[in-house]
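Student: need a 3D model of the sequence below.
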Amino acid sequence: MRTVRRMLALALVAPAALAAQRPTTAADVQRILAPLADDSMAGRRTASPGEARAARVIAAEMERLGLKPMGDSGWFQRVPLAAAPLAAPRRGRTERLLLVQSFAERDTFPAERRRTAVNVVGLLEGRDPQLKSEYVLITAHFDHVGIGAAVNGDSIYNGADDDASGVTTVLEIARQLAERPAPRRSVLFALWTGEEMGMLGTRWFIEHPVVPFGQIVANMEIEMIGRADSLAGGAGKAWLTGFERSNMGEQLAAAGIPIVADKRPEQNFFERSDNIALARRGVVAHTLSTFNLHGDYHRPSDDMRGMDLEHMAAVINAAARATRILADGPKPAWKPGGQPGGQPAARAPRP
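Tutor: Numbers count the residues shown, from 1 in each chain. The predicted structure is shown next:
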């Protein structure tokens, strides 16, 4: 009888709890996005002081939301790197960063060549006793390209769209899910370092996962949602890379998520973000985007002035619903021949 009364009580409480979830607004987007894209972050180059400041901002937000820290140092999963000098400067860079196998190996390099960067990782634990040991991985990269050649007198490459917009989305998805009854599966939120340098943070995570890697059932990367894409249907609409490779996109679209297939397959976007490293290891992993091939890509003009906050809020709300579907519904699966091969392909140059 006590069990029946408890079930009735939960049934009465659940609708009110669900209604209490607050959708993301343009003001929410501004609150997170503006600090990450500020000049004080100096373009968030991997292993730079500016990137470290951004990592602290992200960690503080995860702590505010009540996520569980999942790094080896609190919220931070440290990534060992070594710097190799470039023969000629490239886009303001004088060195190339190498991912090394361990911190012990890193310490064999001269002190002036040792670098450390971090992934920022937090967990929202699932509620289902059987499914909580499965993980939906929601990700974006928080690094950018730093300070480079001046364009119209501006040398700070703020990376508001690439990919502070994705980081904002991940954190707002976490907020929305944390305000509702927990999803059935656990949701792991990871903000990667070093995407611009060769997916360094994701590659480290794959070899040093903070949860059992084989229990990650899906990955949705968020990359460049700062502006509407006319080919996706305009404001509030998004596209998914590699849509045809798995049933993830169809599953989300059938549930009413405003999402379409990538309309620019010739650009090879499926292989140009962190999702590809996970996909090659078997995780059903795609990238959600609204990148419209704008001319501010990898330029100092990729700053807050170009961001469409209302569009971003709409996409974030859709992405939060998509995450709930992935965490509560059937596991997505590769279609025959859809999973990419295990050998990494040459990374396609971005426009």
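Student: elements contacting the longest helix seen in the chain?
Tutor: For the chain, the helix reaching the highest residue count under DSSP state H is reported as helix 309-328. Judged by 3 or more Cβ pairs under 8 Å, 6 or more residues apart in numbering; DSSP states H and E, helix 309-328 is in contact with helix 26-36, strand 135-141, helix 165-178, strand 186-192, strand 216-222, strand 238-240, helix 248-254, strand 285-289. The way it works is simple: take the backbone N, C-alpha and C, and place the C-beta from them, glycine included.
Student: let's see that with 7 Å instead.
Tutor: helix 26-36, strand 135-141, helix 165-178, strand 216-222, helix 248-254 (3 or more Cβ pairs under 7 Å, 6 or more residues apart in numbering; DSSP states H and E).
Student: pick the most buried one from those.
Tutor: Of all these, strand 135-141 has the most neighbours on average by mean count of other Cβ atoms under 10 Å, namely a mean of 28.
Student: what sits up against stretch 200-208?
Tutor: Contacts to stretch 200-208, defined as Cβ atoms under 7 Å, 6 or more residues apart in numbering, come from residues 46, 77, 79, 81, 97, 99, 117, 119, 190, 192-194, 213, 274, 277-278, 281.
Student: give me the subset of those residues lying in strands.
Tutor: Using DSSP state E, Gln77, Val79, Leu81, Leu97, Leu99, Ala117, Asn119, Ala190, Trp192 are the members of the contacts of stretch 200-208 that sit in strands.
Student: what pLDDT does the third one get?
Tutor: Pointing back at Leu81 there. Note for Leu81: predicted pLDDT of 98.
Student: to Ala59, which of the helices and strands packed on helix 309-328 lies closest?
Tutor: Nearest of those to Ala59, taken as Cβ to Cβ: helix 165-178 at 10.7 Å.
Student: skipping adjacent residues, who's closest to the most centrally placed residue in the chain in space?
Tutor: The centroid of the chain falls nearest to Ala140 when counting by Cα atoms, centre = their mean (1.5 Å). Leaving aside its chain neighbours, Ala140 sits nearest to Gly166 (3.1 Å; criterion: Cβ to Cβ, 6 or more residues apart in numbering).
Student: if I pick the one you found, what's in contact with it?
Tutor: So, once contact is read as Cβ under 7 Å, 6+ apart, Gly166 ends up touching Ala140, His141, Ile222, Glu223, Met224, Ile225.
Student: between the residues you listed, which is nearest Arg127?
Tutor: Distance to Arg127, by Cβ to Cβ, is smallest for Ile222 among the contacts of Gly166, at 24.0 Å.
Student: please identify which helix or strand holds Val57.
Tutor: helix 49-65 (DSSP states H and E).
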